[in-house]
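Q: Return a 3D structure for these sequence lines:
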Amino acid sequence: MGERQEANGVKRYGGLWETLVCWENLVLAARKAQRGKRGRSAVQAFNFDLEEELLRLRTELMDGSYKPGAFRTRWITLPKPRLVSAAPYRDRVAHHALMNVMEPILDRHFHPDSYACRKGKGTHGAADRLQTLMRKHRYALQCDIQKFFPSIDHEILKGTFRRLIKDRRVLGLMNLIVNASNEQPQATCWFRGDDLFTPLERRRGLPIGNLTSQWFANWMLNGLDHYVTGGLGIGAYVRYCDDFILLQNDRRVLRNALRAIREKLAAVRLKLHEHKVFVRPVDTGLTFIGYRIWPSYRLLRKQNIRAFRRRVRWMRKAYAQGEIDWRDVKARLASWLGHAKRADSNRLVRRLSREWRFSRGRAEQASGSPRRQLEQQRSQLCVHEPQQQHAVQSEQQHRVPLGPALSGDYVSPDAGNLAVHGSRGCGGESPGSAPVLQDPAGGICGQTCVVGPEGAGRLRAERPSRFHKTVVKMIIPEYGAAWGLL
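A: The predicted model follows:
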């Protein structure tokens, strides 16, 4: 590491430039930049003449002629609208080369309870730390910064760099990357001392998607971390990017801390999101980094579950059409499982895993909502039945009565996994009975239909319970043995 100089109690680092532009560091940066992207055309074109490209990049960095390229941008809408920017691959190699040198320095000065973009930290570490603190404190103050990345002021951010780094060429490269940021969504706020045009005159915003943006934004709030734990004396503190939580046993301490935090953020031209700031008892649970967390357990957010089910439906269609292979499917499922298993979600994982059926060569039939799946199943079954049977038999003749104990709001404990909801008198699709599903050959399909209050339901391919076996033995014994139910 380069030499250090004490200045006002802060260690300033110098002699970093030669390490940044050395050949070994550039090769390492190229290897990191291509992880998971080796099949993309831009990466392959760069790697085709890797030595020449790296030599050209090194020469431009050395003589000061390096200029970042234009970003590719797109909007995403989930979980909220965001502008995502992708730098040219050549610039991403330069970003990795810079962070290979800066990451150890920044990480050494980060607060211990800052968990974003750090090895050994991450979302799971933040959730574990928060849950530990919730067991020791009664109240929590949760805060979120309004439009954090689009609101970061360039001059203030550069000032934080100068207080840490004294190598002018490294500072010049960091300033160049900040100045090359593309136009960000509007985030106009006025602070004390501003005139009418001050927010428009000051450059602000870092592109979401850059490696350097994550580290620079995390460093922007490092002063807030030390102010909360040192200046305010609140040690129970957790921050992940722009979402942070303070915990205490006294509400008044947290309310006073909130006023002080607003003033501290206003000094760096940042503002709290007023609709996402609250003080509440920890026993009511906190929503943080994809979990609903209580002192003794945690659950996945419903929004996360719905998004994952949409992703699974897309993967089933893409796999059936040959757009993705099994390695992609397996990696995506393993990624979500790694997140889900850090919560109390064993039953949820078992239930959702029934939807993970992938096959090649045909489009997935069971897609969409559970109601649509049941309608598609019924329409397919009816195609194979004789037309005379439709004319004579009514729909009630194709339904198996579940008995008086299950025709109302009561669910028998002997029914196993069969759940019938609602009350009597819901019309022709009343939940007093469940449809008997048949295969094209006329046999009984080994699936359970869970009927809702208006007749809609979902198919469950579960193991038949003792109750199911009794019904099959009493009503359709000729099919029970064939389908392995008896």
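
Q: okay, residue 200: pLDDT?
A: The score at residue 200 is 86. That number is its pLDDT.

Q: Can you name the next helix or strand after the host helix or strand of it?
A: In the assignment (DSSP states H and E), residue 200 maps to helix 198-201. As assigned by DSSP H and E, the chain's next helix or strand after helix 198-201 is helix 211-220.

Q: and the helix or strand encompassing residue 224, which residues are buried?
A: In the assignment (DSSP H and E), residue 224 maps to helix 222-226. Within helix 222-226, the residues scored as buried using 16 or more other C-beta atoms under 10 Å are 222-225. Backbone N, C-alpha and C define where each C-beta goes, glycine included.

Q: Give me the average confidence score over the helix or strand just after that helix.
A: Using DSSP H and E, the helix or strand that follows helix 222-226 in sequence is strand 237-240. For strand 237-240, mean pLDDT rounds to 97.

Q: Stretch 218-225 now?
A: The model assigns stretch 218-225 a mean pLDDT of 95.

Q: again, but for stretch 265-280
A: pLDDT averaged over stretch 265-280 gives 94.

Q: Quote the end-to-end distance of it.
A: Distance across stretch 265-280, first residue to last, is 22 Å (C-alpha to C-alpha, to the nearest Å).

Q: List the contacts of that stretch.
A: 139-146, 148, 151-153, 156, 189, 191-192, 202, 204, 220, 223-224, 251, 254-255, 258, 261-262, 286 (C-beta atoms under 8 Å, 6 or more residues apart in numbering).

Q: Sort out for me which of those are in strands.
A: 139-144, 286 (DSSP state E).

Q: Mind checking which of these are buried?
A: Of the ones in strands among the contacts of stretch 265-280, these count as buried by 16+ other C-beta under 10 Å: 139-143, 286.

Q: Show me which of the residues you listed is closest to residue 66.
A: Using C-beta to C-beta, residue 143 comes nearest to residue 66 of these, at 38.2 Å.

Q: Check the contact between that closest one and residue 257; I expect there is one.
A: No - the pair residue 143 / residue 257 is not scored as a contact, 9.7 Å apart, by C-beta atoms under 8 Å.

Q: Name the residues contacting each of the two.
A: residue 246.

Q: What segments of the stretch 251-400 of the chain are strands?
A: Using DSSP state E, counting those that start in this stretch, the strands of the stretch 251-400 of the chain run over 278-281, 286-288, 291-293, 298-300, 399-401.

Q: what's the most buried one of those strands?
A: Of these, the one with the most neighbours on average (mean count of other C-beta atoms under 10 Å) is strand 291-293, at a mean of 22.

Q: any idea how far it is from the chain center?
A: 13 Å (C-alpha atoms, centre = their mean, to the nearest Å).

Q: helices or strands next to it in the packing?
A: Strand 291-293 sits against helix 122-134, strand 286-288, strand 298-300, with contacts defined as 3 or more C-beta pairs under 8 Å, 6 or more residues apart in numbering; DSSP states H and E.

Q: Let me have the ones you listed in TSV, extended by mean pLDDT and distance to residue 171.
A: Below are those laid out as TSV (pLDDT from 0 to 100; distance: least, C-beta to C-beta, whole Å):
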stretch	mean pLDDT	distance to residue 171
helix 122-134	95	29
strand 286-288	95	35
strand 298-300	95	42
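
Q: quick one: which of these is nearest residue 76?
A: Between the helices and strands packed on strand 291-293, helix 122-134 lies closest to residue 76; by C-beta to C-beta that is 18.8 Å.

Q: part of a strand, is residue 246?
A: Yes - secondary structure of residue 246 (DSSP: H, G, I helix; E, B strand; the rest coil): part of a strand.

Q: so how far is residue 179 from the closest residue in space to it that isn't next to it in sequence?
A: Excluding its sequence neighbours, the residue lying closest to residue 246 (C-beta to C-beta, 6 or more residues apart in numbering) is residue 141, at 4.4 Å. Plainly put, residue 141 is 36 Å away from residue 179 if you go by C-beta to C-beta, to the nearest Å.

Q: Residue 71: neighbour count?
A: Number of residues near residue 71 (other C-beta atoms under 10 Å) recorded here: 19.

Q: what's the answer for residue 62, then?
A: Around residue 62 there are 12 residues (other C-beta under 10 Å).

Q: and it, what helix or strand is that in?
A: Counting by DSSP H and E, residue 62 is part of helix 50-63.

Q: pretty sure residue 151 contacts residue 204?
A: Yes - using C-beta under 8 Å, residue 151 is in contact with residue 204, at 6.0 Å.

Q: Mutual contacts of the two, please.
A: Counting by C-beta under 8 Å, 6+ apart, the residues touching both residue 151 and residue 204 are 187, 269.

Q: what residue ranges in the stretch 301-450 of the chain are flagged as low confidence?
A: Scanning the stretch 301-450 of the chain for pLDDT under 70 picks out the ranges 362-450.

Q: Kindly recompute the last result at 90.
A: The stretch 301-450 of the chain contains residues with pLDDT under 90 at 322, 325, 328, 353-450.

Q: Quick check: pLDDT value at the residue nearest the centre of the chain.
A: By C-alpha atoms, centre = their mean, the chain has its centre lying nearest to residue 290, at 6.4 Å. Looking at residue 290, its pLDDT stands at 90.

Q: One more: residue 80?
A: For residue 80, pLDDT reads 83.

Q: And stretch 99-111, what's buried?
A: 99-103, 105-107, 110-111.

Q: Mind picking the two most distant members of those?
A: Pairwise over these, using C-beta to C-beta, the maximum falls at 100 and 111, 22.3 Å.

Q: How about the helix holding residue 200, which residues are buried there?
A: Neighbour counts over helix 198-201 (16+ other C-beta under 10 Å) mark residue 199 as buried.

Q: and it, how far out from the chain's middle?
A: Distance of helix 198-201 from its chain centroid, counting by C-alpha atoms, centre = their mean, is 34 Å.

Q: can you dump the C-alpha coordinates of it into PDB?
A: The C-alpha trace of helix 198-201 is given here as PDB (Å, rounded to 0.1, in the frame of the first residue of the first chain):
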ATOM      1  CA  THR A 198     -28.700  26.600  -7.100                       C
ATOM      2  CA  PRO A 199     -30.100  23.100  -7.500                       C
ATOM      3  CA  LEU A 200     -29.900  23.400 -11.300                       C
ATOM      4  CA  GLU A 201     -26.400  24.800 -11.300                       C
END
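
Q: Before I go, just wanted to say thanks for your time.
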